[in-house]
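Novice: have a look; sequence and predicted model below, questions after that.
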Amino acid sequence: MRGGTIAWLLAQTFWVGGLWLLHFVVLPALAKVGLAPLLVDELAEALRPLLVGFAGFCVVLQALVLLPLTGLARFAAELRGQLLLATLLLAISFFIERSGVFESNYWSLFSYLAMAFCGLLLVLQPPPGREG
């Protein structure tokens, strides 16, 4: 199971770190450097969907690592499975809102930040294979 644990940690590092890095480091640094606010907003509008899509892919990969160890019933009952499901649903809702199915000024930012916080809570959980 060592390969699954490594894949879990690597995927988690990329998607959680990417979400946090973009929102809390890169975009504020670009604004601080003096880029025009509209340019920073355009960069955010271009990069956020890419990171949300990548996070969705990584969450599916993590679910594929966790499912064989827990089974479907226990997967939905434990916190790691619930966080993965919540993150996947938030990613889907992010893209549904962007496609124009419903209009909201804040939903895409909310779902992005909620995904980041789900990722932070997931980082605090032990990876599969290291529970004990």
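Specialist: Great, that's in hand. Residues are numbered from 1 along each chain as shown.

Novice: for the protein, identify the residue most remote from the centre.
Specialist: residue 34 (28.3 Å; CA atoms, centre = their mean).

Novice: so how far is residue 46 from that residue?
Specialist: Going from residue 34 to residue 46 by CB to CB, to the nearest Å gives 20 Å. Every C-beta, even on glycine, is put in place using the N, C-alpha and C of the backbone.

Novice: next: residue 7.
Specialist: For residue 7 relative to residue 46 (CB to CB), the value is 28 Å.

Novice: neighbour count: the two, which is higher?
Specialist: Between residue 7 and residue 46, counted using other CB atoms under 10 Å, the more crowded position is residue 7 (17 against 9).

Novice: got the residue ranges for the strands in the chain?
Specialist: Read by DSSP state E, the chain holds no strands at all.

Novice: quick one, helices of it?
Specialist: With DSSP state H as the criterion, the chain has helices at 2-21, 27-33, 37-77, 79-98, 107-123.

Novice: buried residues in the shortest one?
Specialist: Using 16 or more other CB atoms under 10 Å as the test for burial, helix 27-33 gives 27, 30.

Novice: cool, the last one as well?
Specialist: Applying a neighbour-count criterion of 16+ other CB under 10 Å, one finds 107, 108, 111, 112, 113, 114, 115, 116, 117, 118, 119, 122 buried in helix 107-123.

Novice: which strands or helices does it pack on?
Specialist: On a contact count with 3 or more CB pairs under 8 Å, 6 or more residues apart in numbering; DSSP states H and E, helix 107-123 meets helix 2-21, helix 37-77, helix 79-98.
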